Each structure stands twice: as C-alpha cells, then as structure tokens.
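Engineer: No letters, just coordinates:
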C-alpha cells in the first residue's frame with residue numbers, strides 16, 4: 001500500500017456542470033471539499049441536473065481551479081466568462097436563454113449543494129473516491145468509452161492509483177444497510193478509514209448510479225445498454241471483499257462515498273499524497 005497515491009482531484013463548483021481539477025483542495029469545517037457543489041441551478045420544476053435535463057450535458061464549463069470563475073459555452077450561445085458571485089444575474093440570464101426557462105443559481109462559496117445526505121450530527125457528505133484501476137476496468141466494458149470518459153460519467157472527487165480495481169469498496173465491506181440508512185448518525189457505527197496525506201476519511205456508503213453515466217458527458221446521447229452491461233459485468237467481476245450486501249443490494253453502483261471526521265477538517269488533500277488504509281480493511 002506504500003505505493004498508493006492520490007492521482008486526481010475533481011471539484012464540481014456548480015452541480016451538473018463540468019469539474020475543476022485543482023492540485024490541492026482544503027477540507028471545509030463541515031467536512032466537505034472547498035468549492036465542491038457550492039452552487040446549483042434551479043428552474044420552476046426544481047433542481048436542474050443531467051438526469052432530468054439532458055441538454056445540460058452540452059454546456060461546456062471551464063472553471064478556475066478554485067471554482068470562483070467559469071467560462072461557459074454551448075450550442076447557439078455566446079461563450080462568456082463569469083465571476084460566479086459578482087456576475088450571478090448575467091450567469092442566470094445565460095442559462096435562461098440556453099434552456100428557454102427561467103433559471104436561478106442557488107448557493108454560495110461556503111455552501112454545500114450535494115444531493116447526498118447531511119448526517120444527523122450536521123456533518124456534510126465528504127468526497128467520493130475510486131481507484132484508477134476501477135475506472136479502467138469499467139471503461140473496458142464499453143466500446144468508445146475511455147478512462148477519462150468513464151471518470152467524467154461517474155464524477156468522483158478523488159482518484160487513487162497504485163491499488164487494484166474496486167479497491168475503494170474495502171472501505172464499505174464491513175458496513176450493513178442499517179448504517180447506510182442513517183450514516184451512523186447515532187455515533188455507534190465504526191467506519192473503515194483511509195488516510196490521504198494528513199487527512200483521514202471514513203467510507204460510509206456505496207454510490208448507486210442514476211441515468212447520468214449512461215449519457216455522453218458532452219452531448220447527453222444515451223449509450224444503449226449501458227446499465228444492463230454494467231450490472232452483468234459487476235456481477236461477473238465482484239472482488240472477494242464485495243457482494244450485493246456491500247453494495248446495499250444494488251449492483252448498479254460504483255465509487256464510494258466518504259465523510260471526514262470532525263478532528264480531520266483542518267487539512268487539505270493534495271495530488272501525489274500517499275494513501276493508506278487504516279485498521280483491518
């Protein structure tokens with residue numbers, strides 16, 4: 001495990017849009033990553049995401065590393081650069097014109113717009129984690145999807161190299177569905193842990209996938225049979241430490257959700273840091 005390293009960080013400043021890829025990111029006091037899912041877009045039907053609004057895939061968003069500014073482009077729309085806070089009305093107008101519906105940007109730089117649970121103790125959901133070998137294995141199941149394409153479809157925060165495919169599921173192999181249900185909010189659960197540099201993370205849940213990975217991240221075009229192939233291949237390639245119980249009964253799952261304990265929130269995650277599983281995992 002001494003050769004395992006953090007190879008890639010992604011934060012998603014505006015949910016449903018492209019990632020920024022900083023070399024380092026601070027942990028927030030609430031247990032999230034600075035700038036990750038800080039904002040989200042809404043219309044009169046609710047939150048705008050790739051699952052409900054396929055055309056959002058055709059928006060190209062190039063963020064500064066800290067996620068405070070973005071350049072947007074899309075078919076039949078002018079390419080524009082915005083400071084997300086100070087240019088908020090203009091940014092909303094750009095999306096309103098593109099999507100042909102009134103759009104509101106919600107959140108702020110200290111916000112947490114994740115659609116995963118906020119635990120009973122007020123802890124934000126932490127980053128999602130996956131091994132590079134997992135991404136390569138998943139990509140090998142599909143013609144025309146490479147490793148970067150698979151990473152963009154699954155949208156993990158952290159990628160670890162130097163470990164085997166589905167290594168990240170060692171972080172949930174001792175949990176049960178009762179723990180998944182409340183995130184161990186009563187404090188009784190002991191979560192498997194991993195140290196990345198000076199930051200400790202707890203594995204708390206498998207991430208079930210939605211329609212988003214089935215779609216091309218730039219066009220929204222559906223990959224025929226994606227979900228069926230995924231489930232069949234997952235069943236055929238489950239590692240010894242993973243079964244359907246580990247995945248909360250859902251084989252259409254990939255990447256692992258974590259949370260960062262309250263005593264580990266004064267650090268930062270840095271590309272190139274060593275990665276070490278802690279305890280008997």
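Structural biologist: Looks like it came in fine. Worth saying up front: this structure is predicted, and the values here are computed from it rather than measured.

Engineer: in this structure, which spans are helices?
Structural biologist: 88-99, 132-139, 147-154, 177-182, 226-237 (DSSP state H).

Engineer: List the residues that contact the residue nearest to residue 7 when sequence neighbours are not counted.
Structural biologist: With sequence-adjacent residues excluded and distances taken as C-beta to C-beta, 6 or more residues apart in numbering, residue 7 is closest to residue 161, at 4.2 Å. The way it works is simple: take the backbone N, C-alpha and C, and place the C-beta from them, glycine included. Contact analysis of residue 161 by C-beta atoms under 8 Å, 6 or more residues apart in numbering lists 4, 5, 7, 131, 132, 133.

Engineer: who wins for neighbours among those?
Structural biologist: residue 131 (27 neighbours; other C-beta atoms under 10 Å).

Engineer: Can you give me the pLDDT of it?
Structural biologist: On pLDDT, residue 131 comes in at 98.

Engineer: and what of the one 4 residues further on?
Structural biologist: Per-residue pLDDT puts residue 135 at 98.

Engineer: Where does the prediction get shaky in the stretch 51-200 of the chain?
Structural biologist: 109-124, 174-189 (pLDDT under 70).

Engineer: before we move on, back to that, quick check: the gap between the residue nearest to residue 7 and residue 195.
Structural biologist: Applying C-beta to C-beta, to the nearest Å, the value for residue 161 to residue 195 is 16 Å.

Engineer: Show me which of the helices of the chain has the highest average neighbour count.
Structural biologist: helix 132-139 (a mean of 20; mean count of other C-beta atoms under 10 Å).

Engineer: Report all helices and strands that that helix contacts.
Structural biologist: Applying 3 or more C-beta pairs under 8 Å, 6 or more residues apart in numbering; DSSP states H and E, one finds that helix 132-139 makes contact with helix 147-154, strand 158-161, strand 253-259.

Engineer: To residue 98, which of the ones you listed lies closest?
Structural biologist: helix 147-154 (20.2 Å; C-beta to C-beta).

Engineer: Next, the angle from the closest one to helix 226-237.
Structural biologist: Angle, helix 147-154 to helix 226-237, by axes from the mean of the first three to the mean of the last three C-alpha atoms, to 10 degrees: 110 degrees.

Engineer: how big is the angle separating helix 147-154 from helix 132-139?
Structural biologist: Counting by the same axes, to 10 degrees, helix 147-154 lies at 90 degrees to helix 132-139.

Engineer: ok, and what's touching helix 147-154?
Structural biologist: By C-beta under 8 Å, 6+ apart, helix 147-154 touches 8, 10, 18-19, 130, 132, 135-136, 138-139, 142, 145, 159, 209, 212-215, 217, 254-255.

Engineer: Compute the distance from the centre of it to the centre of its chain.
Structural biologist: Taking C-alpha atoms, centre = their mean, to the nearest Å, one finds the center of helix 147-154 at 11 Å from the center of the full chain.

Engineer: For residue 251, give me its contacts.
Structural biologist: 230, 231, 234, 235, 244.

Engineer: Next, it: phi, psi?
Structural biologist: Backbone torsions of residue 251, given as degrees, to the nearest 10, read phi -70, psi -20.

Engineer: What is the burial count for residue 25?
Structural biologist: The number of residues packed near residue 25 is 26, by other C-beta under 10 Å.

Engineer: thinking it is in contact with residue 271, fair?
Structural biologist: No. Between residue 25 and residue 271 there is no contact under C-beta atoms under 8 Å: 9.4 Å.

Engineer: Overlap in contacts, these two.
Structural biologist: residue 9.

Engineer: What distance do you get for residue 139 to residue 223?
Structural biologist: 12 Å.

Engineer: any residues in contact with both of those two?
Structural biologist: residue 145.

Engineer: Against residue 97, how distant is residue 90?
Structural biologist: In terms of C-beta to C-beta, residue 90 sits 11 Å off from residue 97.

Engineer: ignore the last one, residue 145
Structural biologist: 32 Å.

Engineer: again, but for residue 252
Structural biologist: 35 Å.

Engineer: which residues touch the residue nearest to residue 41 when sequence neighbours are not counted?
Structural biologist: Using C-beta to C-beta, 6+ apart and skipping the chain neighbours, the partner closest in space to residue 41 is residue 48 (4.2 Å). With contact taken as C-beta under 8 Å, 6+ apart, residue 48 is in contact with 16, 40, 41, 42, 56, 99, 103.
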